[in-house]
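Student: Model the following, please.
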Amino acid sequence: MVDGGFQDHGRRAAENAARISYGRLLAYLARQWRDVAAAEDALSDAFRRALEIWPTEGVPSNPDAWLLVVARNLLRNSVRARKTREQIADSLLILTPTETEDMPAISDKRLELMFVCGHPAIDAAARTPLMLQTVLGLTAERIASSFLVSPDTMGRRLSRAKARIKDTGIAFEVPEESELGERMEFVLETIYAAYGQGWDSAGSDDQTRKGLTDEAIWLARVLLELRPDDAEALGLLSLMLFCESRRAARHVEGRYQPLAEQDTALWDLQMAQEAEEKLRMAGGLKQPGRFQLEAAIQSVLVNSRLTGADMRLPTWTLYRLLTEKAPTIGNLVGLAAATAGVHGPEAGLKELAELPEPVTRDYQPFWALKAQLLQQLDIDKEVTAMAFKRAIGLTEDGAVRAYLIDKSMQKTG
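Tutor: Now for the predicted structure:
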């Protein structure tokens, strides 16, 4: 009889490996086999086998190497013998943890895979989603919600992109400087999207997204080792460090604290200082870009709280420049909030009203801002309540949901 604690340890180890090592292992396998879809299938089966074996046989001393051996066996058996799934599973039962103890450390090939996914031969609409799925392990459903499309649509995009990589024989390597071109833009966008997924999951139960903020910052640092004079890579790292420096103050004793209400004593000022240094380095390169502007906005917000200075006008100015360069829904909602801060809630609501309804329908920050601006005006309580209800319903973070519920019950004036 197997001890229940022993089984739990094995399951937790397998789940932890899936969370931490998935992208690194997939990038390693995909580079060897030049087939992302096949590598995904093999790795998924390897994790499934780990969930079956580790709780009873024990966790191997080198879990990543164990998973790699299993996935390689699956790929080799599929190519060489076309064995059935049952035959493959039977052959894996004899694999013991000790057989992988001497495996070498697995190098991190995720950046290479990201540059592969950003190849010009792949549909531009699929590049960032493909990186998020293959390198960071997000599901098609989760990615679809972020890109405001249906899961079926996103699934088809991803499948076509993987087939394209296989059919065109794209090289699995970091391209030469002359070939980087627009690939760099998509790599930066993916790292930022991954950070956003992790940031938004702070109060949710989605374990897959836990740790994505650390992964994103790590990838940004690795990218800077590759391209130390890339102003936008510096800007992106600065942006994420500014946000990360406030993490401890964002949820306190289970309660959500917006920036204006955070206890700055809980901020990591050393990290914020590094963010300032990276932003200064980026500015010195004289290559202005979107991520530098976003980092500059964060710098202004942080310094406003630390010094008490009124920085609403500089924030609004930076948001206007940002939306001219990158008119994303998030940036446009941010501009509306900044406009309300400078010109009043009516002006902010006017800008929100100009945004296209299909894009804002399920965008939570839009409804949260709209509800709070309507509440400030105290004109139509029914419309305000409806906006709060929509914002609350779209919120995954339980602490943010509780904050909005409490906010919706407050009286104006």
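
Student: Nearest residue to the middle of the chain?
Tutor: Ala194 (1.4 Å; Cα atoms, centre = their mean).

Student: check contacts around that one.
Tutor: 132, 136, 138, 212, 215-216, 219 (Cβ atoms under 8 Å, 6 or more residues apart in numbering). The C-beta positions use only the backbone N, C-alpha and C, and glycine is treated the same way.

Student: Counting only helices, which of those residues make the cut?
Tutor: If you go by DSSP state H, these have 132, 212, 215-216, 219 in helices.

Student: Which of those residues sits closest to Trp66?
Tutor: Glu215 (21.6 Å; Cβ to Cβ).

Student: And the residue nearest to the centre of the chain, how close does it get to Met114?
Tutor: As judged by Cβ to Cβ, to the nearest Å, Ala194 and Met114 stand 10 Å apart.

Student: Then Thr153?
Tutor: Taken as Cβ to Cβ, the span from Thr153 to Met114 is 22 Å.

Student: These two: who's more crowded?
Tutor: Met114 (29 against 13; other Cβ atoms under 10 Å).

Student: Kindly state the pLDDT recorded for the more buried one?
Tutor: Predicted confidence (pLDDT) for Met114: 84.

Student: That one and Thr190 touch, don't they?
Tutor: Yes. Met114 lies in contact with Thr190 (Cβ atoms under 8 Å); the separation is 6.2 Å.

Student: what residues are shared contacts of those two?
Tutor: With Cβ under 8 Å, 6+ apart as the test, Met114 and Thr190 both reach 131, 135.

Student: in the stretch 1-150 of the chain, which spans are helices?
Tutor: For the stretch 1-150 of the chain, the helices defined by DSSP state H, counting those that start in this stretch occupy 4-33, 36-57, 63-80, 85-92, 110-117, 124-134, 140-146.

Student: can you check the stretch 201-350 of the chain too?
Tutor: 212-226, 231-244, 247-250, 269-284, 290-307, 312-325, 329-343, 345-353.

Student: so which of those helices is the most packed in?
Tutor: helix 231-244 (a mean of 25; mean count of other Cβ atoms under 10 Å).

Student: residues making contact with it?
Tutor: Under Cβ under 8 Å, 6+ apart, the answer for helix 231-244 is 184, 188, 191-192, 195, 199, 213, 216-217, 220-221, 223-224, 227, 268, 271-272, 274-276, 278-279, 281-283, 285-295, 298-299, 302.

Student: repeat that with 7 Å
Tutor: Helix 231-244 has contacts (Cβ atoms under 7 Å, 6 or more residues apart in numbering) with 188, 191-192, 195, 199, 213, 216-217, 220-221, 223-224, 227, 271-272, 274-275, 278-279, 281-282, 285, 287, 289, 291-292, 294-295, 298-299, 302.

Student: With stretch 292-301 instead?
Tutor: Identification of contacts with stretch 292-301 by Cβ under 7 Å, 6+ apart yields 231-232, 235, 238-239, 242-243, 259, 275-276, 279, 282-283, 311, 314-315, 318-319, 321-322, 325.

Student: Stretch 400-413 now?
Tutor: 203, 256, 368, 371-372, 375-376, 378, 385, 388, 391-392, 395.

Student: Kindly report the domain assignment for the protein.
Tutor: 4-96, 109-202+211-227, 338-413 (automatic domain parsing).

Student: Find the nearest non-adjacent residue to Leu373, please.
Tutor: Pro345 (4.2 Å; Cβ to Cβ, 6 or more residues apart in numbering).

Student: isn't the one you found right next to Ile379, touching?
Tutor: No. Counting by Cβ atoms under 7 Å, Pro345 sits too far from Ile379 to count as a contact (9.8 Å).
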